[in-house]
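S.K.: Sequence first, then the predicted structure, then my questions.
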Amino acid sequence: MDVGLDASGEGRIDLEVETREGGAVATVIINNPVKLNIMTPAMCEDFVSRVREAEGIADVRAIVLTGAGDRAFIGGADISAMAEFDCGSARAFITALHEVCSIVREVEVPVIAKIDGFCLGGGMEIAAACDMRIATEGSLFGMPEVRVGIPSVIEAALLPGLIGWGKTCELLFTGATVKAPEALAMGFLQRMTVAGELDAALDHWLKGILASGPRAIALQKQLMRRWEKTTMDQAIAAGIDSFVSAYETDEPGRMMRAFLNRRSAPKAG
Ligand SMILES: C/C=C/C(=O)SCCNC(=O)CCNC(=O)[C@H](O)C(C)(C)COP(=O)(O)OP(=O)(O)OC[C@H]1O[C@@H](n2cnc3c(N)ncnc32)[C@H](O)[C@@H]1OP(=O)(O)O
């Protein structure tokens, strides 16, 4: 079933469920294509509800997370909203965005990020929270938060484990973007395909999951969370405080308003 693209710019989260041999596959769709599928504060809550709904459907064996349209997986968090934050709203939003990543990591079934296009900032953190990532070769990855005056603080903490400290520093300190072949080489992606073959490559993984023991996979995912748990909670709590303290100065508001003003300025020529 095609749920259609949300052209309102407000954004929403959709859920599609497909029954296959061996079980069902749920697809959670970040549907805000006119704004490159950015996550607004309202969409964070909606996201958690949709994943819980998917988890509650009997026979769902895997969740695919993807963005609507062909330009973006998730272009990051909504700079228009973040530009107006004070310390209180900063804490509420970053905690809600962390909940989005947490639910992805907590659900029993494997969650796969299917990426076609921009995967930036909070979007790269949500992808990092997924169990596996597959992308088209034209996709672009980056953590440009510092470019708008905020540190990368929540599931950015997963990046050193995925891509190493040096590459994490490069992305987080410079806001540089990397193309899919580099994201594959650095270990962020597990598979890369040409545009038309994304679904076929994803299917290969889904068949493997559907052919395996549901309880074995659930136990495996639970165990793997424990393998890495030791310092993550403390890192996130410190990260949330760090995000809030960025708002103790006018740096985020100033840099984000500059970003938004550049975008709304009439184009020359
Ligand atoms: C805690 C988490 C923090 C974060 O995630 S911080 C945010 C991280 N993301 C970014 O910094 C990316 C910001 N976006 C961009 O720099 C550009 O976009 C791109 C280079 C990704 C693409 O540029 P182009 O192809 O020219 O598209 P376009 O016209 O800029 O984007 C389409 C519409 O989407 C809006 N938009 C894009 N990203 C954001 C965003 N992160 N927050 C708010 N709006 C965004 C634009 O402004 C525009 O809107 P309009 O058509 O009304 O001008």
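M.R.: Perfect, thanks for sending it.
S.K.: Just the CA atoms of stretch 139-150, as PDB, please.
M.R.: Provided in PDB are the C-alpha atoms of stretch 139-150 (Å, rounded to 0.1, in the frame of the first residue of the first chain):
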ATOM      1  CA  SER A 139      23.300   9.100  -0.400                       C
ATOM      2  CA  LEU A 140      25.200  11.600   1.700                       C
ATOM      3  CA  PHE A 141      26.100  11.400   5.400                       C
ATOM      4  CA  GLY A 142      27.200  14.000   7.900                       C
ATOM      5  CA  MET A 143      26.900  15.500  11.400                       C
ATOM      6  CA  PRO A 144      26.700  19.200  10.700                       C
ATOM      7  CA  GLU A 145      25.400  20.200  14.100                       C
ATOM      8  CA  VAL A 146      28.400  22.400  15.000                       C
ATOM      9  CA  ARG A 147      27.700  24.400  11.800                       C
ATOM     10  CA  VAL A 148      24.500  25.600  13.600                       C
ATOM     11  CA  GLY A 149      26.100  26.100  17.000                       C
ATOM     12  CA  ILE A 150      25.200  22.800  18.800                       C
END
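S.K.: Report the buried residues of it.
M.R.: 139, 140, 141, 142, 143, 144, 145, 146, 148, 149, 150 (16 or more other CB atoms under 10 Å). C-betas here are computed from N, CA, C, even on glycine.
S.K.: Domain-wise, how is this structure divided?
M.R.: Taking automatic domain parsing as the criterion, the chain consists of the domains 12-210, 214-264.
S.K.: doesn't residue 150 make contact with residue 259?
M.R.: No - contact criterion CB atoms under 8 Å: residue 259 and residue 150 do not qualify, at 11.6 Å.
S.K.: So, low pLDDT: which residues of the stretch 101-250 of the chain?
M.R.: 229-230 (pLDDT under 70).
S.K.: Got the phi and psi for the residue in it that the ligand sits nearest to?
M.R.: Distances between the stretch 101-250 of the chain and the ligand by CB to the nearest ligand atom are smallest at residue 121, namely 2.4 Å. Taking degrees, to the nearest 10, you get phi 50, psi -120 for the backbone angles of residue 121.
S.K.: Return the residues in contact with it.
M.R.: The contact partners of residue 121, taken as CB atoms under 8 Å, 6 or more residues apart in numbering, are 75, 76, 77, 142, 143, 144, 145, 152.
S.K.: what does residue 104 give?
M.R.: 51, 63, 65, 111, 126, 129, 130.
S.K.: Show me those residues that map onto strands.
M.R.: By the criterion of DSSP state E, membership of the contacts of residue 104 in strands covers 63, 65, 111.
S.K.: The last one against residue 128, yeah?
M.R.: No - using CB under 8 Å as the test, residue 111 is too far from residue 128 to be in contact (11.4 Å).
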